[in-house]
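**Student:** Predicted model and sequence below, questions to follow.
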Amino acid sequence: MYFYKFFRNDIMLFTIIIPVYNRAKVVQQTLDTVVAQTHRPLQVVLVDNHSEDNTLDVLKQFKDKHDAPDFQVVVTQEEQRTAGAARNRGFDQATGQWVMFFDSDDQMEPTLVEEYARQVEKRQGQLDIISARAWLCFPDGTRREAPFFRRDMMAVQILHSQLATQRYAVRRDFFAETKRWDAELPVWNDWELGIRLLLKNPRLAWLNTEPLILINHNRADSITGTEFHTRAGLWECSLDLAEDAIRISKVKDQERYNRLIYYRRLVLAAHYEREGALKHARLQAKIAYKLLWYTYDNSLYWDSVVKPITQWLYRRIVKGKRGSARIARRLF
């Protein structure tokens with residue numbers, strides 16, 4: 001029965017792409033959760049981003065141990081040391097009808113891929129992207145669920161980044177029609193990519209399950225770091241690219257989405273101020289308020305409603321309070 005199931009043509013092949021850089025001590029935990037997936041067949045593409053430790057040896061050992069007809073393991077390398085470039089290299093090796101990108105220090109529950117496949121079968125393949133719920137796990141051992149919504153997805157992506165790297169599966173042919181990952185963006189690259197994917201008007205579905213993904217949030221050695229001011233200027237590049245993508249698109253509610261990106265720029269300014277980088281905070285706040293003011297044409301509604309609420313939200317973020325994005329989604 002097992003071999004009959006494996007060689008059936010209608011069994012969906014998923015490819016899981018994992019870029020790895022200097023993760024020799026932690027990547028095995030992630031790989032163990034991949035091996036534990038209940039769905040077969042699987043292809044796993046591991047991309048060493050020219051690590052300086054023995055990560056490549058760990059990946060090769062994993063391939064030697066687990067490579068099988070129904071669990072193909074590919075190990076490759078990418079010289080350009082960015083996550084986007086490594087993910088693109090992995091995508092070049094992908095043969096599955098559906099693709100998942102995952103990070104090398106996070107974990108997936110055993111039924112994650114099976115649930116994705118079940119959703120594809122349920123919709124008879126008429127899907128492009130499936131979004132999943134996730135836990136954010138913090139260094140002190142606490143965790144909370146990442147925001148998850150089924151409506152207003154462009155606004156949700158702009159404010160909450162629901163299509164984060166680990167949180168969706170995408171049909172391979174649909175993804176191939178995009179510009180793929182921006183290999184030059186070191187921060188917020190999954191946020192920017194998610195906006196571009198949604199601008200292509202994908203057929204969306206959501207997993208109606210408990211969170212099946214565990215994201216290790218704010219690791220001290222994460223690729224993007226744990227602070228904003230140390231990479232001032234890079235976040236702004238991602239914001240600029242997202243603004244341009246929406247501006248040249250034909251998407252409905254274009255003005256609203258641009259306002260939400262301007263608000264996200266204001267959120268960045270609030271983080272700068274919270275970290276004591278007042279020069280960066282003042283500059284970005286000035287730009288954000290000017291852009292928002294322009295879209296409202298300096299109207300009474302801006303002066304009496306939007307600006308005061310926006311200023312209040314800014315102060316909330318500086319104080320470290322949560323929930324501002326949910327309010328902003330309704331305000332704009």
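**Tutor:** All right, it came through fine. Residues are numbered from 1 along each chain as shown.
**Student:** Against residue 82, how distant is the closest residue in space to residue 234 that isn't next to it in sequence?
**Tutor:** Distances taken as C-beta to C-beta, 6 or more residues apart in numbering put residue 187 closest to residue 234, at 4.8 Å, once the chain neighbours are dropped. Where C-beta positions appear, they are placed from N, C-alpha and C, glycine not excepted. Distance, residue 187 to residue 82, by C-beta to C-beta, to the nearest Å: 10 Å.
**Student:** Let me see the mean pLDDT of stretch 269-287.
**Tutor:** In this model, stretch 269-287 has a mean pLDDT of 97.
**Student:** Alpha carbons of it, as PDB, please.
**Tutor:** Extracted in PDB, the C-alpha atoms of stretch 269-287 (Å, rounded to 0.1, in the frame of the first residue of the first chain):
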ATOM      1  CA  ALA A 269      10.500  56.000  13.300                       C
ATOM      2  CA  ALA A 270       8.800  55.100  16.600                       C
ATOM      3  CA  HIS A 271      11.200  52.100  17.000                       C
ATOM      4  CA  TYR A 272      14.100  54.400  16.300                       C
ATOM      5  CA  GLU A 273      13.000  56.700  19.100                       C
ATOM      6  CA  ARG A 274      12.400  53.800  21.500                       C
ATOM      7  CA  GLU A 275      16.000  52.800  20.900                       C
ATOM      8  CA  GLY A 276      17.200  56.300  21.500                       C
ATOM      9  CA  ALA A 277      18.100  57.000  17.800                       C
ATOM     10  CA  LEU A 278      16.400  60.400  17.800                       C
ATOM     11  CA  LYS A 279      18.000  61.700  14.600                       C
ATOM     12  CA  HIS A 280      16.700  58.800  12.600                       C
ATOM     13  CA  ALA A 281      13.300  58.900  14.300                       C
ATOM     14  CA  ARG A 282      12.700  62.600  13.600                       C
ATOM     15  CA  LEU A 283      13.700  62.200   9.900                       C
ATOM     16  CA  GLN A 284      11.400  59.300   9.200                       C
ATOM     17  CA  ALA A 285       8.500  60.700  11.200                       C
ATOM     18  CA  LYS A 286       8.800  63.900   9.300                       C
ATOM     19  CA  ILE A 287       8.700  62.000   6.000                       C
END
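**Student:** just how off-centre is it within its chain?
**Tutor:** Remark: stretch 269-287 is offset 24 Å from the chain centroid, using C-alpha atoms, centre = their mean, to the nearest Å.
**Student:** Give me the pLDDT for residue 139.
**Tutor:** At residue 139, pLDDT is 86.
**Student:** no, scratch that, I was asking about residue 1
**Tutor:** The model's pLDDT for residue 1 equals 38.
**Student:** Lovely, talk soon.
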